[in-house]
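> Have a look; sequence and predicted model below, questions after that.
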Amino acid sequence: MGVSKQQAVENRKTIIEASEKLFREHGIDGVGLSALMKAAGFTQGGFYNHFQSKDALAAEVVASAMEKAGQDLQEALAVPVKRGGNRLKRQVDFYLSGPHCADIEQGCAIAGLAADVRRLGHEAQGHFAGGLQQVFDIVAKLITEQHAQGRDPDEARREAIALYSEMVGALILSRSVAATDPALGKEILTANHEMLLERLARDAEEDKR
C-alpha cells in the first residue's frame with residue numbers, strides 16, 4: 001500500500017530536517033545515504049523516491065536552512081527590548097555566547113553550512129547566497145533604524161556585512177578549537193564580543209552628538 005501525497009511530503013520534510021542536523025555536525029561529504037535515511041527513520045532504498053541525488057537533497061537542505069535562518073533572525077530582532085535596550089546588542093550577546101556556539105545542530109545555519117557550500121552545486125550555492133543577502137538586508141535595516149540621523153543605505157549595508165561576517169567567523173573559529181582547546185575557543189568568542197560591543201557603544205555615543 002503506497003503512502004498518500006501528504007505523507008510523502010511529510011516524509012520528505014523529515015529527511016531534510018534529519019539531514020540538516022547531520023550535515024552541520026559531520027559535513028555534507030561526511031554523511032552517507034544510509035546514515036541519512038536511518039536518522040530520518042527510513043530505509044536507504046527509499047531515498048530515490050524523494051530525491052534524484054544527494055546533491056539535490058543538499059540543495060534543499062541549504063534552501064530550508066537559510067529560509068529558517070532569515071525567519072529566526074527577524075523574529076529575534078522583533079522581540080521588544082526594555083527601555084534603553086538595543087536589539088542589535090542583544091543579538092550580538094546571543095550569537096557570541098557559549099550556548100549558541102555549542103548548539104551546532106540548531107544554531108546559525110550560515111556558520112553551520114558555510115564550509116561545505118563552496119563544494120556543492122550551483123543551486124545550493126544560490127540558495128546560500130540568497131539567504132545571506134536576506135540576513136544582510138535585515139541587519140542593515142536595523143542599523144538604519146537605530147541611528148537617530150538615519151544611515152546611508154550603502155553605509156548601512158557595509159556595516160551589516162562587516163558585523164555579521166565577524167560574528168560568523170568568530171563562531172566558526174571558536175567551534176574549530178573547542179574540543180582540543182576550549183579556553184582558546186572561549187577567548188575567541190569573548191574578544192569578538194567585547195570588540196563588537198565597544199563599536200556599537202561608540203556608534204551610539206556618536207549618534208547622540
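Okay, I see it.

> Domain parsing of this structure, as residue ranges.
Domain assignment for the chain by automatic domain parsing gives 1-51, 58-208.

> In this protein, which helix is the longest?
Ranked by residue count and defined by DSSP state H, the top helix of the chain is helix 182-208.

> who's in contact with the host helix or strand of S34?
Per DSSP states H and E: S34 is located in helix 33-40. Helix 33-40 is contacted from outside by 11, 14-15, 17-19, 21-22, 43-44, 46-47, 54, 57, using Cβ atoms under 8 Å, 6 or more residues apart in numbering. From N, CA and C alone the C-beta is placed, and that goes for glycine too.

> residues of it that come out buried?
Going by neighbour count (16 or more other Cβ atoms under 10 Å), the buried part of helix 33-40 is 33, 36-37, 39-40.

> Distance check, the closest residue to T43 other than its chain neighbours against G85.
Nearest residue to T43, sequence neighbours excluded (Cβ to Cβ, 6 or more residues apart in numbering): M37, at 6.2 Å. Between M37 and G85 the distance is 46 Å, computed by Cβ to Cβ, to the nearest Å.

> cool, V135 as well?
21 Å.

> Of these two, which one has the most company?
Neighbour comparison, V135 and G85: the larger count goes to V135, with 21 against 9 (by other Cβ atoms under 10 Å).

> Surely the more buried one and G70 touch.
Yes - in this structure, V135 is within contact of G70 by Cβ atoms under 8 Å, at 6.0 Å.

> How many residues are close by G131?
With other Cβ under 10 Å as criterion, G131 counts 22.

> And K82, by the same measure?
Neighbours around K82, by other Cβ under 10 Å: 7.

> One more: the one 10 residues further on?
For V92, the count of nearby residues is 20 (other Cβ under 10 Å).

> For it, give me its contacts.
Neighbouring residues of V92 by Cβ under 8 Å, 6+ apart: 163, 167, 193, 196-197, 200.

> Between the contacts of helix 33-40, identify the one with the most neighbours.
Comparing the contacts of helix 33-40 on neighbour count, S19 comes out first with 26 neighbours (neighbours: other Cβ under 10 Å).

> Where does that residue sit: helix, strand or coil?
Under DSSP: H, G, I helix; E, B strand; the rest coil, S19 falls in the helix class.

> Please apply the same query to Q52.
coil.

> these two touch, right, K89 and E198?
No - K89 is beyond contact range of E198, at 11.0 Å (criterion: Cβ under 8 Å).

> higher neighbour count, the two?
Between K89 and E198, counting by other Cβ under 10 Å, K89 is the more crowded of the two (16 against 10).

> After the helix or strand where the more buried one lies, which helix or strand is next? Please name it.
Using DSSP H and E, K89 sits in helix 87-95. Beyond helix 87-95 in the direction of the C-terminus, DSSP H and E gives the next helix or strand as helix 98-102.

> quick one: the helix or strand that that next one is followed by to helix 87-95, angle?
In the C-terminal direction, the helix or strand that comes right after helix 98-102 (DSSP H and E) is helix 109-117. Regarding helix 109-117 and helix 87-95, their directions subtend 60 degrees when assessed with axes from the mean of the first three to the mean of the last three Cα atoms, to 10 degrees.

> Show me what helix 109-117 is packed against.
Contacts defined by 3 or more Cβ pairs under 8 Å, 6 or more residues apart in numbering; DSSP states H and E place helix 109-117 against helix 5-26, helix 54-78, helix 122-146, helix 153-177.
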